[in-house]
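Student: Dropping a prediction and its sequence here:
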Amino acid sequence: MSQIETVSKQNELLPRIERIKHTNFGSGIPYYDDELKMAQSEEHAIAISYLFYCLRFIAKNLGLACLSDHPVWYLLPKPKNDKTQKGLYPDLCVSKNLDTSGVTADDLVFCLEVVSTEKRRKEIKDTVTMKGLNEHNRVSEFVLIYPKVSDNRAIEYYRYNGLYYVPVSPQGGEYYSHAIADLSIREIPRDDWKDGEKVEVLYKGKVLVKYDELWDMMEKEQERAERERLEKEKLAKKLRELGFDPDKLVASD
């Protein structure tokens, strides 16, 4: 039996992932690696903020779900401690199942990791372990983004060919998705690189949003949210002065 036939046979025999409702959401610190006790870097935060905004917009437009730092059940290549599956936290993934309460790798069509290179173990986890698990679970596309401006790498794009991941080459400077309609990603000219800002997301051939535009939007949203918070605090204070407990008040129709 050839190697290809062997791998194909193994794929056919993969057990199904049990769809269990997720209850473990980690430490609650965004993108904190509980296993390696490692927080995200500034360039990681910049990159994932941009990518999540873009992919969430596209996914919603296509009737898909976009998740970031959310648990996903993965089938393990080799059962550990009699466990055949494990909940992991991809940096970003797109699911064809909108009910994400028990999302599994079977639901995923696209997965992306923003690579942390500060610790070798973490880089291996992002580039080797997560890539291997997504390949084993036959996720259609897997992408690695390298956010540090001092790193010569920017993007690696892989597509599942029915047996294993094969690297995708850019066409006209763009990596075109086969799993998500009208999505493409391209590397920014090297002279324009900044920490966390090395790729652009395109939708239907157009850049979805520029980094500076997104930061302005996020800043305005934060300012709006802060104004709302202060207004609620002022109202609650006024109600208490009048002898009412705002936490016990129920709005009537």
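Tutor: Yes, it's here.
Student: got the residue ranges for the strands in the stretch 1-150 of the chain?
Tutor: 65-67, 72-80, 83-88, 92-95, 108-114, 141-145 (DSSP state E, counting those that start in this stretch).
Student: Identify all contacting residues around the last one.
Tutor: When contacts are taken as Cβ atoms under 8 Å, 6 or more residues apart in numbering, the neighbours of strand 141-145 outside the stretch itself are 47, 51, 109-115, 126-127, 130-131, 134-135, 154-160, 165, 175, 177-180, 185, 198-199. The C-beta positions use only the backbone N, C-alpha and C, and glycine is treated the same way.
Student: That strand: what's the following helix or strand?
Tutor: strand 155-160 (DSSP states H and E).
Student: Show me what that next one is in contact with.
Tutor: 131, 135, 138-146, 165-168, 170, 175, 178, 185, 187, 198-199.
Student: what do you get if the cut-off is 10 Å, keeping everything else the same?
Tutor: Outside strand 155-160, the residues within contact range by Cβ atoms under 10 Å, 6 or more residues apart in numbering are 111-113, 115, 127, 131, 134-135, 137-146, 164-170, 175-179, 184-187, 198-199.
Student: Distance to Leu230 and mean pLDDT for the strands of the stretch 1-150 of the chain - can I get that in a markdown table?
Tutor: Shown next, in a markdown table, are the strands of the stretch 1-150 of the chain (distance: least, Cβ to Cβ, whole Å; pLDDT from 0 to 100):
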| stretch | distance to Leu230 | mean pLDDT |
| --- | --- | --- |
| strand 65-67 | 31 | 97 |
| strand 72-80 | 37 | 86 |
| strand 83-88 | 38 | 90 |
| strand 92-95 | 32 | 98 |
| strand 108-114 | 34 | 98 |
| strand 141-145 | 37 | 98 |
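Student: List the residues that contact Tyr31.
Tutor: Taking Cβ under 10 Å, 6+ apart, one finds 38-41, 44-45, 48, 68-69, 89, 91, 114, 116 in contact with Tyr31.
Student: typed the wrong thing, it's Ile58
Tutor: 64, 66, 94, 110, 177, 180-183, 201-204, 208.
Student: Can you go through the contacts of Tyr31 and name the buried ones?
Tutor: Buried members of those, scored by 16 or more other Cβ atoms under 10 Å, are 38, 40-41, 44-45, 48, 68-69, 89, 91, 114, 116.
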